[in-house]
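Novice: can't give you the sequence, but here's the structure:
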């Protein structure tokens, strides 16, 4: 029988946090039918076995290589059978009722192909989890202290959409990939995540392709998830920000993104949602 929802969680050596957060989710599961697919992205440290033991009722998929975020999630997306897909990072904590809110909201908005909940820090403060499409200079301002300059702050404020109240649902250009709610019926039009992105920016690329295919991308603050996001780029030196291993992944993804769309205009977006 087809499930209403497929929950997909990708793990790479983050097993303790995944187990903790999934146990929290399972204490208050959604009312709708659901399946859970856990992907261990070749952690090679016993993580897959621990997931098998902790969640024997759910499907645990072990990949033969660490092909990155897009690759690992695509493995599960191809196997999932839900009407909707909820793609979660292991560091996301979902409280009671929040997933069902997302399901019901997507049911009421059939023109939305992909949506994201409001993301909160542990102290209750909001994370800026939706963006406008980036300009070429955004990566530099995001990863270095140049983002602290007056010009850098102005560019980042626009990119992070700080000019509107994040308590209200609306369409957005793009969403951060920590928690994505996807309508499966849109995927034949849009395609899967682009596996040329090893880490980072694949979420922006995917949202751009949803818009291009005629599907809306929306921010839904009706539901709020907790996200243990650690980000220290702005505290590093310029060299550390540009040449750490994660920074290199990030910059490589940015360069690929801008090269991929070098000859394309931005897709047409609409500010309106069906009620």
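Specialist: That came through, no problem. All of these numbers come straight from a predicted model, not from anything done at the bench.
Novice: Quick check, residue 95 in contact with residue 223.
Specialist: No - when contacts are counted by C-beta atoms under 8 Å, residue 95 is not listed as touching residue 223 (9.3 Å). C-betas here are computed from N, CA, C, even on glycine.
Novice: Looking at the two, which has the bigger crowd around it?
Specialist: Taking residue 95 and residue 223 together and counting by other C-beta atoms under 10 Å, residue 223 has the greater number of neighbours (22 against 15).
Novice: So what are the sheet partners of the host helix or strand of that one and their directions?
Specialist: Applying DSSP states H and E as the criterion places residue 223 in strand 216-227. Sheet partners assigned to strand 216-227 using DSSP bridges are listed as strand 92-93 (antiparallel), strand 112-120 (parallel), strand 170-171 (antiparallel).
Novice: Shouldn't residue 156 be within a helix?
Specialist: Yes - the assignment for residue 156 is a helix, going by DSSP: H, G, I helix; E, B strand; the rest coil.
Novice: That one touches residue 138, doesn't it?
Specialist: Yes - under the criterion of C-beta under 8 Å, residue 156 is in contact with residue 138, at a separation of 7.3 Å.
Novice: sorry, back to before: can you tell me which of the strands paired with strand 216-227 is packed in deepest?
Specialist: Looking across the strands paired with strand 216-227 with neighbours counted as mean count of other C-beta atoms under 10 Å, the highest average goes to strand 112-120: a mean of 24.
Novice: so how far is that one off the chain centroid?
Specialist: Here the centre of strand 112-120 is set off from its chain's centre by 9 Å, with C-alpha atoms, centre = their mean, to the nearest Å.
Novice: go on, stretch 84-95?
Specialist: Average the C-alpha atoms of stretch 84-95, do the same for its chain, and the two points are 9 Å apart (C-alpha atoms, centre = their mean).
Novice: outside of it, which residues touch it?
Specialist: Under the criterion C-beta atoms under 8 Å, 6 or more residues apart in numbering, residues 4-11, 14-15, 17-18, 21, 24-25, 28, 73, 77, 99, 102-103, 106, 177-184, 224-229 lie in contact with stretch 84-95.
Novice: Could you point out the helix or strand that follows the helix or strand bottoming out on mean pLDDT in the chain?
Specialist: Lowest mean confidence among the helices and strands of the chain (mean pLDDT, DSSP states H and E): helix 238-243, at a mean of 53. Later in the chain than helix 238-243, the nearest helix or strand by DSSP H and E is helix 245-260.
Novice: That following helix - contacts with which helices or strands?
Specialist: With contacts defined as 3 or more C-beta pairs under 8 Å, 6 or more residues apart in numbering; DSSP states H and E, the secondary structure elements packing on helix 245-260 are helix 138-143, helix 202-212, helix 238-243.
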